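[1] I would like to see how this sequence folds:
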Amino acid sequence: MAIRLSAQQTVLITPEQFFELAGAGLRGVEEERSSYWQPHLENSRRRILEAAAKCERRKTALILGAGNCTEIPLEELARRFDEVMLVDLDEESMAAAVEELPEELIPKVQLHVEDVTTFAAPLMNRLLQSVTASDTAGQAFERIEEALDKLEPQPSPFRLPEADLVVSSLVLSELHRYPLNYAGRLVRDKFGERLTAWPRYESFRDRLQSIALRDHAGLLARSCRRGGLIYFADTVARGPVYDEIPAVRTREVLLAILPALNNQGLFGELSGEGALHGTFTAAFDKIRARWNGAESASREETAALFKKLAEDPQSLPEADRGAACETLVNLLCRERFAVPAEIQALASLLDLYLAGPDTRAFESLVPVEVLQSEWRARGLAPQGSDESWWWLAYPCSISYSSGAFRVRSWILKQGN
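    As a prediction, the model looks like this:
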């Protein structure tokens with residue numbers, strides 16, 4: 001999108017173009033990974049409808065950061081409420097979601113092309129001015145920080161009636177990333193530098209995240225009528241962060257996951273001769289050598305391994321058990337097993353890492369205690385218990401990089 005001439009002449013991407021590209025990219029990922037997202041989508045829709053069922057009045061439902069409503073039960077909400085308002089900067093995605101509705105429900109849904117923050121749009125415009133006016137990356141870094149320093153509280157951009165149900169699903173953790181990623185794009189396009197090379201990058205990011213959290217908590221409180229309900233869910237953690245996990249812990253997890261893989265019948269699918277059997281055997285040979293320095297396994301040894309895995313896996317040497325589990329995990333999400341079984345296996349792997357003693361296994365995305373404090377300060381009280389589940393956003397990455405998100409959801413009541 002940027003036309004590379006010289007540092008001074010580069011035509012930089014506008015905030016509007018950046019949002020268009022971000023929306024198109026997300027739609028592409030959704031199409032590619034949709035089968036692995038199904039449990040997350042089902043949990044999200046179920047919880048939103050649970051909140052809707054608790055509403056005493058059902059005049060207006062407000063969906064913040066609606067996008068194409070992937071995890072929003074839009075048709076059901078349109079049937080239950082007099083009107084549903086979708087708010088997002090990505091008009092194309094919202095329009096596509098409405099087009100999927102039955103014809104009689106379309107008039108009940110209103111689109112509002114607006115920023116769901118009071119800070120992102122003005123800050124991004126200042127970032128564009130800051131980088132455009134800079135001759136070096138160093139100047140740009142200084143001006144980017146000045147733009148944040150000068151950021152002042154803005155009046156709410158919304159001119160909407162208070163809603164009986166407000167939905168914020170996977171919105172907050174992304175709000176600070178838009179200006180952050182936009183600043184990174186501008187600096188890279190103009191100077192060929194990474195924003196992460198800036199010594200104050202982490203401080204800048206943390207300040208943006210704090211601003212976004214307070215801003216969104218305020219928006220939720222303002223948008224919900226007294227006695228109304230809010231469905232809030234977000235990705236509170238991302239992982240596994242393998243660089244932060246000791247090798248001994250990874251081995252423990254791979255040994256501990258054996259019962260889950262066996263119960264889900266995955267080892268049984270490997271036992272018959274065929275392409276899957278051959279792929280596993282070739283990979284197992286290499287991985288086994290890394291576990292115990294053993295030479296390649298013979299055909300007979302591999303056949304005995306499959307038999308023991310099915311009958312008495314604990315009788316196998318530790319290295320064989322661990323290597324077998326690591327090999328199978330590496331074969332997941334390659335269109336070789338049934339998707340539901342793969343989802344269960346990956347969720348088992350993630351649960352084991354989450355239950356470990358090392359908190360660095362997952363990157364924290366939303367400081368939950370701070371968030372809850374902001375809610376209390378605005379009179380928002382949780383109703384019932386919260387729920388958590390895994391969202392396998394990039395399932396093929398999970399065995400070797402951060403591909404999963406921990407989603408946590410609440411139903412809140414507006415008491416002010």
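
[2] these two touch, right, Val84 and Pro73?
    No. With contacts counted by Cβ atoms under 8 Å, Val84 stays clear of Pro73, the gap being 10.5 Å. (C-beta placed from N, C-alpha, C; glycine too.)

[3] Looking at the two, which is more packed in?
    A direct count of neighbours by other Cβ atoms under 10 Å for Val84 and Pro73 places Val84 higher, at 27 against 19.

[4] quick one, which residue of the protein lies the farthest from its center?
    Farthest-out residue of the chain from its mean C-alpha position, per Cα atoms, centre = their mean: Glu300, at 44.2 Å.

[5] Only C-alpha atoms, please: export whichever helix or strand that one is part of in CSV.
    Under the criterion of DSSP states H and E, Glu300 resides in helix 299-311. The C-alpha trace of helix 299-311 is given here as CSV (Å, rounded to 0.1, in the frame of the first residue of the first chain):
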residue,chain,number,x,y,z
ARG,A,299,10.1,-52.3,11.5
GLU,A,300,9.5,-54.8,14.2
GLU,A,301,10.2,-52.3,17.0
THR,A,302,7.7,-49.8,15.5
ALA,A,303,5.1,-52.5,15.2
ALA,A,304,5.6,-53.4,18.8
LEU,A,305,5.3,-49.8,19.8
PHE,A,306,1.9,-49.4,18.2
LYS,A,307,0.7,-52.6,20.0
LYS,A,308,1.9,-51.4,23.4
LEU,A,309,0.4,-47.9,22.8
ALA,A,310,-3.0,-49.5,22.3
GLU,A,311,-2.7,-52.1,25.1
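
[6] What lies in contact with the following helix or strand past that helix?
    Helices and strands here follow DSSP H and E; after helix 299-311, the next one along the chain is helix 318-331. Residues outside helix 318-331 that contact it (Cβ atoms under 8 Å, 6 or more residues apart in numbering) are 251, 254-255, 257-258, 261, 266-267, 270, 276, 279-280, 283-284, 287-288, 290-292, 294, 305, 309, 313-314, 316, 337, 345, 349, 399-400.

[7] Apply 7 Å and report the result again.
    Applying Cβ atoms under 7 Å, 6 or more residues apart in numbering, the external contacts of helix 318-331 come out as 251, 254-255, 257-258, 261, 266-267, 279-280, 283-284, 287-288, 291-292, 305, 309, 313, 349, 399.

[8] same deal with stretch 259-271?
    276-277, 280, 306, 309-310, 313, 325, 328, 337, 341, 344-345, 348.

[9] Using PDB, write out the CA atom coordinates for stretch 386-404.
    Extracted C-alpha coordinates of stretch 386-404, given in PDB (Å, rounded to 0.1, in the frame of the first residue of the first chain):
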ATOM      1  CA  ASP A 386     -17.500 -16.700  34.300                       C
ATOM      2  CA  GLU A 387     -16.600 -19.300  31.800                       C
ATOM      3  CA  SER A 388     -13.400 -20.100  29.900                       C
ATOM      4  CA  TRP A 389     -12.400 -22.100  26.800                       C
ATOM      5  CA  TRP A 390      -9.700 -22.400  24.200                       C
ATOM      6  CA  TRP A 391      -9.900 -20.700  20.800                       C
ATOM      7  CA  LEU A 392      -7.600 -22.500  18.400                       C
ATOM      8  CA  ALA A 393      -7.000 -19.400  16.300                       C
ATOM      9  CA  TYR A 394      -4.000 -20.900  14.400                       C
ATOM     10  CA  PRO A 395      -4.200 -24.600  15.200                       C
ATOM     11  CA  CYS A 396      -1.400 -25.800  12.900                       C
ATOM     12  CA  SER A 397       1.000 -23.600  14.900                       C
ATOM     13  CA  ILE A 398       0.100 -24.900  18.400                       C
ATOM     14  CA  SER A 399       2.700 -27.700  18.500                       C
ATOM     15  CA  TYR A 400       5.600 -25.300  17.900                       C
ATOM     16  CA  SER A 401       4.500 -21.700  18.400                       C
ATOM     17  CA  SER A 402       1.700 -19.500  19.900                       C
ATOM     18  CA  GLY A 403      -1.400 -20.500  18.100                       C
ATOM     19  CA  ALA A 404      -4.100 -20.700  20.800                       C
END
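
[10] So which bits of stretch 177-184 are buried?
    For stretch 177-184, burial by neighbour count (16 or more other Cβ atoms under 10 Å) applies to 177-180, 182-184.

[11] go on, stretch 233-251?
    By 16+ other Cβ under 10 Å, the buried positions in stretch 233-251 come out as 233-241, 245, 249-251.

[12] which SSE is the residue nearest to Ala121 when sequence neighbours are not counted in?
    Excluding its sequence neighbours, the residue lying closest to Ala121 (Cβ to Cβ, 6 or more residues apart in numbering) is Asp115, at 4.5 Å. Secondary structure assigned from DSSP H and E places Asp115 in neither a helix nor a strand.

[13] Verify the contact between Asp115 and Leu89 for me.
    Yes. The criterion here is Cβ atoms under 7 Å, and Asp115 meets it with Leu89 at 5.9 Å.
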